[in-house]
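> give me a model of this one.
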Amino acid sequence: GITTVLVELYGGGGGGGAGSPHGDCSAPAGGGDGGGAATGEYKRMVLTVVPGTPYTLTVGGAGAAGSGGTFGGCAGSAGTSGGAGGNSTFGGLATALGGNPGMAGQMVWGANYGADGAAGAGTTWSIGGVGMAAGAFSSGAAMSSAGLGYGAAGAGGAGTSYSNSGSGTAGQPGAIFVSY
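Predicted structure coming up:
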């Protein structure tokens, strides 16, 4: 029987925060951009298993995108933060954490410009030896998912001056690969 398996786990990527429209009643202003989210954690390890024992695998879901706010001068509404990515687990023996969400941009009533949302905090992971700091993508900047795919982070949405603000983008779901 099989007693060891090689497991690769990718946590789900967090969703990007939405931007917000400006909230100044009398002067031109710009709302804040939403923050970019964190990527899901990546783990690769050899695990000892017991032949004939069932193991439950849970794939981390994608973090939801933040919804853009509505412009309305003094009566507008702010955008929302993104959702956290889900954890990927292998039968209680290993867990790859989901990425934290990006925060919504702020309207900042009466100020010239809204504050940007904070990027999601996360782990540093690597694929093919290329390290990438998770959550280092703020001010609405999109993280490229090229070459990453599983557990990629969502981008923040743009803040606006006189229109509805941009929504964030959803993260990508995690994945689990098992070989023996």
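
> what residues are up against Ser81?
Gly17, Ala18, Gly34, Gly66, Pro101, Gly102, Met103, Ala104, Gly117 (C-beta atoms under 8 Å, 6 or more residues apart in numbering). For every residue, glycine as well, the C-beta is placed using N, CA and C.

> verify the stated contact: Cys74 with Gly23.
Yes. Between Cys74 and Gly23 a contact is recorded at 7.3 Å, counting by C-beta atoms under 8 Å.

> neighbour count winner among those two?
Gly23 (23 against 9; other C-beta atoms under 10 Å).

> and the pLDDT at the nearest residue to Pro51 once chain neighbours are set aside?
Nearest residue to Pro51 in three dimensions, chain neighbours excluded: Gly1, at 2.8 Å (C-beta to C-beta, 6 or more residues apart in numbering). In this model, Gly1 is scored at 90, pLDDT.

> for Gly1, the count of nearby residues, please.
Gly1: 7 neighbours (other C-beta under 10 Å).

> burial count for the residue nearest to Gly66 when sequence neighbours are not counted?
Closest residue to Gly66 in three dimensions, ignoring its sequence neighbours and counting by C-beta to C-beta, 6+ apart: Ala18, at 3.5 Å. Neighbours of Ala18 under the rule other C-beta under 10 Å: 36.
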